[in-house]
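S.K.: can't give you the sequence, but here's the structure:
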């Protein structure tokens, strides 16, 4: 009787294991089906989105960050006792032109030029002041602008002076890791919904020239989007003129490895290709497992193809058209992975 009971228990245990296994298998299959349905749904949404360009919500994408930094500075003086300097060339205008992830931009006036321009309209410049914690990005930006100035890159923002001596509230201060550049009044995001189709080629050629010169200097941009492309004015056809690439805080030397950005930035920074984010497949096979901050972390290698993906999306954002040259260079549609609002577009 005892043996029969034992056998019955064993049979029940085996049956329960079989049922559990079948349930687990059913669950796995249902999960696979759900993933397939999501993938199919994404494909459908992509087709709808690409057929309805105006339905896409082209908000300004964020600039991704690796580590938390303080908010953009609320004043030009970032320390309690900044070093003083003599005979300041610049006077702060205190008009804030913009606040970004790594610093703020203010209008400034050239004191020496002002003396020569007495009675004439004054020319203003832009000074970028890093946030606390954004000094490394500022130094990299100065490095890039110095190199592109040496190469006379026509469509990259011109560095006027680094570490300026600035007159602020009547006192002269030395602003380390800050810099002064030419002031351009507008960016492409501001006019993205009104750029005529006939402007496609001149806009493309200007950005192409800037990127090629930047890559020749040995750097990728790393944050190419419409609000990081400035221009002076528009011509009679409504096309932006004097186009300049700007904001090089995320630039990297070509071949340099940098930690991947946290996954939460993936959707919010839709102008960046998937390769640059953690937990997302690497479309270009440029990832490596390297130490960072005392632990191991996935890195991506700075590659000009990353800029090409962002460039292709920028042109699609402005004109609703793809760029055959970039498609051919990168290997066809989908080479960059999903990009654009809600990552609904297969780029380039």
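M.R.: Everything's here; your move. Note that this is a predicted model, so its numbers are computed, not measured.
S.K.: Spatially central, which residue of the protein would that be?
M.R.: Residue closest to the average C-alpha location in the chain (Cα atoms, centre = their mean): residue 223, at 2.5 Å.
S.K.: Name the SS class of the closest residue to it other than its chain neighbours, please.
M.R.: Leaving aside its chain neighbours, residue 223 sits nearest to residue 250 (4.2 Å; criterion: Cβ to Cβ, 6 or more residues apart in numbering). For every residue, glycine as well, the C-beta is placed using N, CA and C. At residue 250, secondary structure determined by DSSP: H, G, I helix; E, B strand; the rest coil is coil.
S.K.: Give me the distance between the residue nearest to the centre of the chain and residue 241.
M.R.: 23 Å (Cβ to Cβ, to the nearest Å).
S.K.: Can you name the residues that contact residue 235?
M.R.: Going by Cβ atoms under 8 Å, 6 or more residues apart in numbering, residue 235 touches residue 241.
S.K.: Okay, it and residue 147: tell me how far apart.
M.R.: Separation of residue 235 from residue 147 (Cβ to Cβ) stands at 30 Å.
S.K.: Tell me where the stretch 201-348 of the chain has strands.
M.R.: 219-220, 229-231, 233-234, 240-241, 244-245, 252-253, 257-259, 287-292, 295-301, 337-339, 345-347 (DSSP state E, counting those that start in this stretch).
S.K.: remind me which residues of the stretch 101-250 of the chain are low pLDDT?
M.R.: Residue ranges of the stretch 101-250 of the chain with pLDDT under 70: 114-121.
S.K.: Got the domain ranges for this protein?
M.R.: Listed by automatic domain parsing, the domain ranges of the chain are 90-182, 186-347.
S.K.: For those, give me a markdown table that also has distance to residue 59.
M.R.: Shown next, in a markdown table, are the domains of the chain (distance: least, Cβ to Cβ, whole Å):
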| stretch | distance to residue 59 |
| --- | --- |
| domain 90-182 | 15 |
| domain 186-347 | 7 |
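S.K.: quick one on the thing from earlier: so the residue nearest to the centre of the chain is in contact with residue 63, correct?
M.R.: Yes: the criterion here is Cβ atoms under 8 Å, and residue 223 meets it with residue 63 at 5.5 Å.
S.K.: Identify the contacts common to these two.
M.R.: With Cβ under 8 Å, 6+ apart, residue 223 and residue 63 have common neighbours 247, 249-250.
S.K.: who wins for neighbours among those?
M.R.: Neighbour counts for the shared contacts of residue 223 and residue 63 (other Cβ atoms under 10 Å) peak at residue 247, which has 27 neighbours.
S.K.: Can you report how many residues lie near the closest residue to it other than its chain neighbours?
M.R.: In this structure, residue 247 finds its nearest non-sequential neighbour in residue 228, 4.2 Å apart by Cβ to Cβ, 6+ apart. Residue 228 sits with 25 neighbouring residues when counted by other Cβ under 10 Å.
S.K.: Let me see the contact set for residue 228.
M.R.: Shown in contact with residue 228 (Cβ under 8 Å, 6+ apart): 187, 221, 245-247.
S.K.: try residue 185
M.R.: 232-233.
S.K.: heads up, I number from 443, so please use that
M.R.: Understood, numbering begins at 443; the last thing we discussed is residue 627.
S.K.: Residue 581 should be in a helix, yeah?
M.R.: Yes: per three-state DSSP, residue 581 lies within a helix segment.
S.K.: Quick check: it touching residue 618?
M.R.: No: if you go by Cβ under 8 Å, residue 581 and residue 618 don't touch, sitting 9.5 Å apart.
S.K.: now residue 616: how far from residue 654?
M.R.: 36 Å.
S.K.: just residue 619 next, same as before
M.R.: 28 Å.
S.K.: secondary structure class for residue 603?
M.R.: Following three-state DSSP, the label given to residue 603 is strand.
S.K.: Give me the nearest residue to it, chain neighbours excluded.
M.R.: In this structure, residue 603 finds its nearest non-sequential neighbour in residue 622, 4.6 Å apart by Cβ to Cβ, 6+ apart.
S.K.: Helix or strand for the one you found, just tell me which one.
M.R.: Using DSSP states H and E, residue 622 sits within strand 621-624.
S.K.: which other residues reach that strand?
M.R.: Contacts with strand 621-624, where a contact means Cβ under 8 Å, 6+ apart, come from 532, 550, 567-570, 580, 583-584, 587, 599-606, 686, 688.
S.K.: Who does it pair with, and is each partner parallel or antiparallel?
M.R.: Next to strand 621-624 in the sheet, as set by DSSP bridges, lie strand 566-572 (antiparallel), strand 601-604 (antiparallel).
S.K.: Show residues contacting the shortest one.
M.R.: In other words, strand 601-604. Among residues not part of strand 601-604, those counted as contacts by Cβ under 8 Å, 6+ apart are 531-532, 567, 584, 587-588, 590-591, 620-624.
S.K.: could you redo the last one with a cut-off of 7 Å?
M.R.: Residues from elsewhere that reach strand 601-604, judged by Cβ atoms under 7 Å, 6 or more residues apart in numbering: 567, 584, 587-588, 591, 621-624.
S.K.: And for stretch 643-654?
M.R.: For stretch 643-654, contacts defined as Cβ under 7 Å, 6+ apart pick out 595-598, 663, 671, 681-682, 685, 687, 749, 753, 757, 760, 765.
S.K.: filter these to the buried ones?
M.R.: Neighbour-count burial (16 or more other Cβ atoms under 10 Å) applied to the contacts of stretch 643-654 gives 595, 597-598, 663, 671, 681-682, 685, 687, 749, 753, 757, 760, 765.
S.K.: Lovely, talk soon.
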